[in-house]
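Asker: got a predicted structure plus its sequence, pasted below:
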Amino acid sequence: MNASSLLRGTYGRLVAKVFVLAFLVTSLYNVFSFSRSTQDAVSQSFDDSAEVDMYGLTDRLTDPVLFEQYRKSLANLEKVTTFHDSLEQGAPAGVRLLSAFNQAMPVADFAGGQAFEHGYGTQETAQGPYEDPVLGKQVVNVKSVQLSESTFDFYNLAGQNDIDLDWGAVDYDSETIPVLLGADYDGVYAVGDRLTANYYFKPTRMRVAGFLPPNASMFYQGDINHFLDDHLVVPYPRSITGAAEADPGFYGILAFAMLNANIAVDRGQPDTVVFRTLQSAATSSGFDQYALLSVPSYLTQFASVRALVHDNFALVLTVECLVVAASLVMSGILTNSATRRRERRIRIAWELGQSRSDLGRAVLTIVAIEYASLAVVFLAVTHLLPNQDSSARTFCLTLIALLGAADLLRCRTQLRHTIRHRPRNEP
Amino acid sequence: MNRRKPLLSVTLLVLFSALGAEIGVYADVRSAVALEGGNLYSATAVRLDSLDVVDQAELERTPPTGRLFQELDGSGHLRVVRTLGRPEPLPIHEGRQFRATDERVALVGHQVATRSNNGRRYVDYEGQAFLVIGRLGVRADSGLAHDVLLQDRDLAGVDGPVIVDIEGGAQALPNMRVRATEPVGGRTDQRTNIDYVSPIVILCGWGLTLFGAGASGLLIAGFRRPVAAVQYRLGSRRLRVLMLSVLPLASLAGAVFVTVWGLALASAGALRSATELAAAAGAPLVLSTVVSAGALATSLWVRNR
């Protein structure tokens, strides 16, 4: 007896079973890839270590005239930079200064489109290209964020393909500054490309050191979903104390820009720790023109966005459980009904003297056909899906193999059961 | 054997009806969660500088499906909304959705103070009272706890930036004259690949539901076929034999429908949309019944007495 005569009359059921299992495995593939992407999202932005009390730090020199006067004195600038350094390096454990500012960066001969322009997609309007007097070239104000190493680390930012910024090499007096580009810049610029920018009225050369992964985000100006995909990320040097003498104009602005920061305080630390830290930085530096704001929106958004990410996962998982249940029941019924049909034929073949190994081979062929077509359908379908995930695919193929093995075992048992105690004509 | 077949039939009907209803609930809750994560804007929402690029009269005559938002202050928490058609449900955990015909009503977050008058709750804006018809947020302590949405035609101005969130994107607006629009939606969903995964899960679920419902119909017809054949042999008319098999099945399906629909409505909470869930729970049952009747009819009409 061969497999095809055993299959006769059950082709419909076989195809139906393959389809039902294909729905099952494809949906599992999706859920698996989704669970990994959820894990990544949680570990990038919603790790327990990021559940902090957030404060906002800024200077109090809001009057432009006072600000100009203050900035003119090198001694004052020294105070500001020392204040920054003492917060950055001398803060007690559990208190982190997260310095970041979104000053638009005029870039000469910009190769990207309008979506990269500062103000695009917000209530402000994009300005378009203009002639920059400092560079003497056509420039575009592009979306940019300047940030410190601790900010970069706090938000778990990293370059794609393990390319990372060498923070030690960030020196604003050197020829070029290494910068990172958001993921949308892929195809616009390449690693190693050089940009010319007007960085606070100073012509600055920047070198593309790498790209951020897609959907890299940070908390900025009250928005936890501040994505950096269309941003130019410029690193701050670790310290600018002592640098102001060379270029007081540039470093004067930079020193105050670097004061725009959030302060992250680990939960469980008393409120007073942030005041005491600032106080001691003020005493040691002589700069006391700072203002501190509580930013409760960070924790609220942190909790609600994390809950939403988990909600999505719970929702998908609930539906998946029903899909699994329904497809297992359905394939069970189909298998059962096909088996009963085949059972009669096997019994007759056995009684007519067919050998046990021949029958066993026919059953094996049927199981092999079922699960090989399942694997082919699965691979074809997932090939068309937008979310490619090789480990999810391996997982699903293993699952198909396991299901096939279990099914084969069941078929062999069934076969033994069918032909047991049956009379037969020995050939 | 006699009890096994009816039990299996009921199990199959319940299973696929429940799967259909569950996908319906999932789709509702999921779109609400997506809107909550995107500050109530879907991924196709765009910002226009003003609405005067759109033919207002045409908008009245053939409204698309979706919402128009305008911010009333700089905080981003106070917005006026105009509902067009019946868009995807907003995330609420209490009360009901806006309807296109509603005027002077509000959806507010859990933390928003409201005024009680004759058992109804109101919020006031510029001296006008707005009836609170529901509470925003998939759950009470959501990121929308301080948000206020007002629906009132008089508040919505033609000029000033407007966020257009309609099915098919801003290009679906009548006589849309500008091509440059700025996307505003997406956001929280951007963090994971849910935008890819969710439609596929729905597709797989529906595929399995319809396929399973059809196969169940065939299986149930198979259970009934021997009895029907005997009845026909004994002299009953074909139609009568068919009705004797299909009517009990249909009433069984009806009972299953009521149960599953009720459970689905309860589990969807404030996000329920009765007609959509009825369709989701009913479609597999109808399919099973129709396929079953068709298979039985075929087997009867090809048979000779």
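Answerer: Yep, that arrived. Residues are numbered from 1 along each chain as shown, chains lettered A, B, ... in the order given.
Asker: which parts of the stretch 201-350 of chain A are helices?
Answerer: Per DSSP state H, counting those that start in this stretch, the stretch 201-350 of chain A carries helices over the ranges A:248-259, A:272-285, A:296-351.
Asker: next, the angle from the following helix or strand past the longest one to helix A:296-351.
Answerer: It stands for helix A:296-351. Next in sequence after helix A:296-351, counting helices and strands by DSSP states H and E, comes helix A:356-384. With axes from the mean of the first three to the mean of the last three CA atoms, to 10 degrees applied, the angle from helix A:356-384 to helix A:296-351 works out at 150 degrees.
Asker: quick check, helix A:356-384 touching chain B?
Answerer: No. With CB under 8 Å from any CB of the partner chain as the criterion, chain B is not reached by helix A:356-384; the gap is at least 9.2 Å. Placement of C-beta: from N, CA and C, glycine included.
Asker: and that helix, what does it pack onto?
Answerer: helix A:3-7, helix A:11-45, helix A:296-351, helix A:390-419 (3 or more CB pairs under 8 Å, 6 or more residues apart in numbering or on different chains; DSSP states H and E).
Asker: make TSV from the helices of the stretch 201-350 of chain A and add mean pLDDT, distance to B:Ser9 and mean neighbour count to it.
Answerer: What follows is the helices of the stretch 201-350 of chain A, written out as TSV (pLDDT from 0 to 100; distance: least, CB to CB, whole Å; neighbours: other CB atoms under 10 Å in any protein chain shown):
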stretch	mean pLDDT	distance to B:Ser9	mean neighbour count
helix A:248-259	90	73	21
helix A:272-285	92	67	16
helix A:296-351	88	11	18
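Asker: related to what we said a few turns ago, and the helices and strands packed on helix A:356-384: which comes nearest B:Val46?
Answerer: helix A:296-351 (22.3 Å; CB to CB).
Asker: what about the closest one, distance to the chain center?
Answerer: Here helix A:296-351 is found 27 Å from its chain centre; the criterion is CA atoms, centre = their mean, to the nearest Å.
Asker: kindly calculate the angle that it makes with helix A:390-419.
Answerer: Using the same axes, to 10 degrees: helix A:296-351 against helix A:390-419 is 30 degrees.
Asker: list the buried residues in stretch A:389-397.
Answerer: A:Asp389, A:Ala392, A:Arg393, A:Phe395, A:Cys396, A:Leu397 (16 or more other CB atoms under 10 Å in any protein chain shown).
Asker: same question, stretch A:148-161
Answerer: A:Ser148, A:Glu149, A:Ser150, A:Thr151, A:Phe152, A:Phe154, A:Tyr155, A:Leu157, A:Ala158, A:Gly159, A:Gln160.
Asker: please list the residues of the stretch 201-350 of chain A that sit near chain B.
Answerer: A:215, A:217, A:225, A:227, A:300-301, A:303-305, A:307-309, A:311-312, A:315-316, A:318-320, A:322-323, A:325-327, A:329-330, A:333-334, A:337.
Asker: residue of chain A nearest chain B, please.
Answerer: A:Ser304 (3.6 Å; CB to the nearest CB).
Asker: now do the contacts for the nearest residue in space to B:Ala279 that is not next to it in sequence.
Answerer: Using CB to CB, 6 or more residues apart in numbering or on different chains and skipping residues adjacent in sequence, the residue nearest B:Ala279 is B:Gly24, 7.5 Å away. Residues in contact with B:Gly24 (CB atoms under 8 Å, 6 or more residues apart in numbering or on different chains) are B:Ala264, B:Glu276, B:Leu277, B:Ala279, B:Ala280, B:Ala281.
Asker: redo these as CSV? Include secondary structure.
Answerer: Shown next, in CSV, are the contacts of B:Gly24 (DSSP: H, G, I helix; E, B strand; the rest coil):
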residue, secondary structure
B:Ala264, helix
B:Glu276, helix
B:Leu277, helix
B:Ala279, helix
B:Ala280, helix
B:Ala281, helix
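Asker: please name the nearest non-neighbouring residue to the residue in the stretch 101-250 of chain B that chain A sits nearest to.
Answerer: Residue of the stretch 101-250 of chain B nearest chain A, by CB to the nearest CB: B:Gly143 (3.6 Å). Leaving aside its chain neighbours, B:Gly143 sits nearest to A:Ser304 (3.6 Å; criterion: CB to CB, 6+ apart).
Asker: equivalent analysis for A:Asp223, please.
Answerer: Using CB to CB, 6+ apart, the nearest residue to A:Asp223 is A:Gln301, at 7.6 Å.
Asker: that neighbour contacts A:Ile224, correct?
Answerer: Yes. At 4.0 Å, A:Gln301 and A:Ile224 qualify as touching, with contact defined as CB atoms under 8 Å.
Asker: residues near A:Glu175, how many?
Answerer: 8 (other CB atoms under 10 Å in any protein chain shown).
Asker: got the contact list for the residue lying closest to it once chain neighbours are set aside?
Answerer: Spatial nearest neighbour of A:Glu175, excluding adjacent residues (CB to CB, 6+ apart): A:Arg205 at 6.1 Å. Going by CB under 8 Å, 6+ apart, A:Arg205 touches A:Glu175, A:Thr176, A:Ile177, A:Arg194, A:Leu195, A:Thr196.
Asker: distance of the fourth one from A:Asp109?
Answerer: Distance, A:Arg194 to A:Asp109, using CB to CB, to the nearest Å: 11 Å.
Asker: ditto for the third one
Answerer: Going from A:Ile177 to A:Asp109 by CB to CB gives 18 Å.
Asker: quick one, which of the two is more surrounded?
Answerer: Per other CB under 10 Å, whichever of A:Ile177 and A:Asp109 has more neighbours is A:Ile177, with 21 against 12.
Asker: quick one: secondary structure of that one?
Answerer: strand.
Asker: hang on, it packs against A:Asp166?
Answerer: No. A:Ile177 lies out of contact with A:Asp166 (CB under 8 Å); the separation is 11.2 Å.
Asker: this completes my enquiry, with thanks.
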